[in-house]
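> A structural model of the following input is requested.
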Amino acid sequence: MKIHIGYPKSGSTTLQRCLFDLHNKVNYFGIVPTGNIGRDTPIQYHDSRYLQNESLQQLHRSLTQENEDAFSKSEVKAQIQKQISPFLESKRVNLLSNERFLSVFFSYPNLEAKAHRLKLLVPNAQILIVIRNQADIISSQYRDWPFDPRNLTGGAPVSIGRWVDLALEHDEEIGFLRSLQYDRIVDLYEDLFGAEAVSVFCLEQLASDASSFAEDIASCLQIDATQTQTLLRGCHENKGVTRKRNLYRHLKRTYPVGRIETLLQRFDRVMGSALKDRLDTFLDTGPKASYTIPPPQARKVRDVFSQSNHSLEQSRGLPLSEYKYPQ
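Take a look at the predicted model:
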């Protein structure tokens, strides 16, 4: 069994929807995202095993979202025996994918515990990790959720500089920046599964040379490279949140429900679904929001990740300097 574990904001939706779920030589048990805050293309393949199987969806939730008190190894093992083991194939690559194994947001944030769950349940797994320049991941995460990182779903809007400062100051609590120390995560999975079982790719390779990325990932997965190139060509899911959408969200968070409701909140509540759909279409068209980390915070980001990136570049031979990872 091969398992793609992320990272979030590193092409996971593109790989899941465009490659893993559609390739003839992949027997896919992973998630198929149906929507993001950003703009997605319509689902191409409605017969996906994941979309048709609530039990498989629950298995993914158990593996990546339940905390230690709620997680039951015996129940999850039984789910695997029921939902995956009977359907494993010898002539195709059996593949599971979920970026929440490496996410601290909207999932169980203990990355080490989730890694150990995989080792207990799929001890001979081969692990696929896709990384991305940490500054770009931070900017992308902020674009999707430009709110206090301690409470993305309910926190107040903050500037990107303030967002980085809060993430740095409270990383012991949040764990987001620590999760992006790639050498530490690669070491964790190498210790559990063996160095030869862990493959690491840079998302920047897909952006700069899609053909070579397709060839390399096809070689790793042992699938047909030509079809891989065809499926990935021009595919870019989750296009990003638009400026208009973020302005709208900012206004709603800035003027919360109180004695005097804002016009936006009243509009949300009274308009019918057709009008709501028209508003969503309007908000999701136009340029995507773009943010740059200010120089003071950019220096802090560099200081946090420079040693980690140098270590991974040396151990794995990845061109992180070429892709301008913080050094």
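> C-alpha from now on. contacts and neighbour counts both.
OK.
> Glu204 against Arg132, yeah?
Yes. Between Glu204 and Arg132 there is a contact under Cα atoms under 8 Å: 6.7 Å.
> Count the neighbours of Leu27 for me.
Let me fix one detail, which is that residue 27 is Asn and not Leu. For Asn27, the count of nearby residues is 22 (other Cα atoms under 10 Å).
> Pop out the phi and psi values for it.
Main-chain torsions, Asn27, degrees, to the nearest 10: phi -100, psi 100.
> shift numbering so it begins at 703
Sounds good: first residue 703 from here, last item Asn729.
> residue contacts, it?
Residues in contact with Asn729, defined by Cα atoms under 8 Å, 6 or more residues apart in numbering, are Leu790, Glu791, Arg794, Val795, Asn796, Leu797.
> Next, format those as JSON lines and append distance to Leu985.
Conversion of the contacts of Asn729 to JSON lines gives the following (distance: Cα to Cα, whole Å):
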{"residue": "Leu790", "distance to Leu985": "43"}
{"residue": "Glu791", "distance to Leu985": "44"}
{"residue": "Arg794", "distance to Leu985": "42"}
{"residue": "Val795", "distance to Leu985": "40"}
{"residue": "Asn796", "distance to Leu985": "39"}
{"residue": "Leu797", "distance to Leu985": "36"}
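> Which of these sits closest to Thr855?
Distance to Thr855 across the contacts of Asn729 (Cα to Cα) is lowest for Leu797, with 31.2 Å.
> Please report the distance of the closest one from Asn755.
16 Å (Cα to Cα, to the nearest Å).
> Of these two, which one has the most company?
More neighbours surround Leu797 than the other of Leu797 and Asn755, with 21 against 11 (other Cα under 10 Å).
> on that earlier part again, buried subset of the contacts of Asn729, written for ChimeraX?
Paste this into ChimeraX to select the buried members of the contacts of Asn729, with burial taken from 16 or more other Cα atoms under 10 Å:
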select :790,794,795,796,797
